[in-house]
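1. Turn this into a model:
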Amino acid sequence: QVQLVESGGGLVQIGGSLRLSCASSGRTSNTYAMGWFRQAPGKEREFAAAINWRGGSTYYADSVKGRFTISRDNAKNTVYLQMSSLKPEDTAVYYCAAGSAGWYNVEDMNKYDYWGQGTQVTVSS
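-> Now for the predicted structure:
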């Protein structure tokens, strides 16, 4: 089992920045990919970014590319999502996820075995 706990969400103004953290614990040795997904009210959960836990490769959705940066600290078993130039459409609950199936199709939710409880990000004027 892997436990994931997100933190860092909150209210931010348009154009502002926020950093989300995802601390993992438990049997993390099989983790291959860590991802961030988000779900806005009335919409389906969508992929935002992913990082190869072992090699550090990253992958982003077009909607966040150039504005969001995913990174990891293996020593702390923590993944971060640095978000900048935030827009109202970035408002959502952000979820961290961990998968062990390899570094491919990382934008697919079904690739992930464990999920955090989510953290709310609200972007307003």
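
2. where does this structure dip in pLDDT?
-> Counting by pLDDT under 70, the chain contains no low-confidence segment.

3. In which helix or strand does the spatially most central residue of it reside?
-> In the chain, the C-alpha nearest the mean C-alpha coordinate belongs to residue 36, at 2.0 Å (Cα atoms, centre = their mean). In this assignment (DSSP states H and E), residue 36 forms part of strand 33-39.

4. And the closest residue to residue 7 other than its chain neighbours, its phi and psi?
-> Closest residue to residue 7 apart from its sequence neighbours, by Cβ to Cβ, 6 or more residues apart in numbering: residue 21 at 5.0 Å. From N, CA and C alone the C-beta is placed, and that goes for glycine too. Dihedral pair for residue 21: phi -120, psi 150, per degrees, to the nearest 10.

5. Which strand residues bridge residue 21?
-> Per DSSP bridges, the residues bridged to residue 21 are residue 7, residue 80.

6. swap in residue 94?
-> Going by DSSP bridges, residue 94 forms beta bridges with residue 38, residue 119.

7. what sits against it?
-> 6, 9, 20, 36, 37, 38, 48, 81, 118, 119, 120, 121 (Cβ atoms under 8 Å, 6 or more residues apart in numbering).

8. same thing with residue 90?
-> Contacts of residue 90 by Cβ under 8 Å, 6+ apart are 38, 64, 83, 121, 123.

9. Would you mind measuring from it to residue 52?
-> 24 Å (Cβ to Cβ, to the nearest Å).

10. returning to that earlier point: just the contacts of residue 94 now: which is nearest residue 103?
-> Of all these, the one sitting nearest residue 103 is residue 36; the distance, using Cβ to Cβ, is 15.5 Å.

11. if I look at the residue nearest to the centre of the chain, how far off is residue 125?
-> Residue 36 sits 24 Å away from residue 125, going by Cβ to Cβ.

12. the strands in the protein, which residues?
-> Under the criterion DSSP state E, strands of the chain are mapped to 2-7, 10-13, 18-26, 33-39, 46-52, 58-60, 68-73, 78-83, 92-99, 114-115, 119-124.
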